[in-house]
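# Provide a 3D model corresponding to the input given below.
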Amino acid sequence: MNLRDLIFIVLFAVGVSVITLVTSSGVWLTFIMMSLYAALLSQAWNILGGYAGQLSFGHALFFGVGAYTQAVAQLSGGINPWVGLVMAMVAGVIVALIVGALTFRYGLKGSYFALVTLAFAEVFRILALSASFTGGGVGLMVPLRGSIANMQFASRHGYIFLLLAFVVAALLVTAWLRHSRTGAYMQAVRDNEDAARAVGVNPFQVKLKAIALSAAFMSVAGAFYVQVFQYIDPGIAFGPAVSVEALVGAIVGGVGTLWGPILGAVVLHLLSDVTRNMFGEIPGISMVIYGTVLVLIVMFMPRGVAGSGVSIKRLFSRGGRGNG
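Okay, here's the model as predicted:
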């Protein structure tokens, strides 16, 4: 792993920790927690969509599997939430490998792969609505048993530090992908799958690794959501909102970058909070904001916030050539 990346990740973890410790405002603590949560979603999507180039519209599939595994493990099996967290990750990876084997084996990619992932998420949503162990349309409510042993903390500080650990782990994996042979294979498949195959890369295996890593972090986010909000239903677990938040955060921040998903998550949550305070609780306003920001980013900053300097430089140089 690159030493510079490691140093910046450590500085990021220390900075967030210090800010969290000196902050007592519930509003700001919630903002930090939800920004980290969104960053985890975006970083998970970025591994598959940014580095392996497999654009997914249904990442809520893995989120929902992780969330329901965590909830059912506690309610039906009496399993400790920390053990349930591991089970949620394993369940998410297994589902990802099944989906990957079914799609990548037959060469689905691009818009076809995106639509298939969306279809899988919808199928799981319908199954969750029909199954009894998921609570059907009513959903499941996890009881409050406040203690570290039950992964339920007395304040937002505990949840922030837990989320920070997950985000740092995702950053470390992403940093490793930037400089490892596995990451190089993923980027080769993303850029030109046929050329990668010609030089001995196995695209099927590479994409399976990418979707497994991506699903692991996505399912962890689902398990975390259950512990914080103590409730899950099919619409929350497998609905489009989670998938949109994951992919938009990565695209706005910068697809295929280390820090892009973090920046995108912060920018989107800041915009969401500002508009909510300005316009009140208008239904659907956050989705309108996401769509508007996404269009503007694609038009004027295709490299995302992380690559805004390059995009602005190209924009001005293009304008200068036009004036000349």
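# ranges for the strands of the stretch 201-324 of the chain?
Taking DSSP state E, counting those that start in this stretch, the strands of the stretch 201-324 of the chain run over residues 231-232.
# pull the number of nearby residues for the residue nearest to Val142 when sequence neighbours are not counted.
Among residues not flanking Val142 along the chain, Gln230 sits closest, at 4.5 Å (CB to CB, 6 or more residues apart in numbering). For the C-beta atoms, the positions are set from N, CA and C on the backbone; glycine is no exception. For Gln230, the neighbour count with other CB atoms under 10 Å is 15.
# and the gap between Gln230 and Gln152?
Here Gln230 is placed at a distance of 8 Å from Gln152 (CB to CB, to the nearest Å).
# about what we covered before: tell me the contacts of the residue nearest to Val142?
141-144 (CB atoms under 8 Å, 6 or more residues apart in numbering).
# against Gly222, how distant is it?
Taking CB to CB, one finds Gln230 at 14 Å from Gly222.
# any idea how far Val18 is from Ala184?
35 Å.
# ok so, going back, overlap in contacts of Gln230 and Gln152?
Leu144.
# hmm, back to that, just the contacts of Gln230: which are in strands?
Met141 (DSSP state E).
# now do the top helix by length along the chain: which elements does it pack against?
Secondary structure of the chain per DSSP state H: the longest helix is helix 203-229. The contact analysis (3 or more CB pairs under 8 Å, 6 or more residues apart in numbering; DSSP states H and E) places helix 203-229 against helix 26-46, helix 60-75, helix 81-104, helix 156-179, helix 181-191, helix 193-198, strand 231-232.
# got the angle for that helix vs helix 181-191?
Helix 203-229 runs at 100 degrees relative to helix 181-191, counting by axes from the mean of the first three to the mean of the last three CA atoms, to 10 degrees.
# report the buried residues of helix 203-229.
203, 206-228 (16 or more other CB atoms under 10 Å).
# go on, stretch 264-284?
264-269, 271-273.
# so, low pLDDT: which residues of the stretch 151-300 of the chain?
279-282, 286-287, 290, 294 (pLDDT under 70).
# I'd guessed Ile289 sits against Asp273; true?
No. Here Ile289 does not reach Asp273: they are 10.5 Å apart, not a contact under CB atoms under 8 Å.
# before we move on, back to that, Val18 and Ala184: who's more crowded?
Neighbours per residue, other CB under 10 Å: of Val18 and Ala184, the larger number sits with Ala184, 16 against 10.
# OK, contacts around that one?
Counting by CB under 8 Å, 6+ apart, Ala184 has no contacts.
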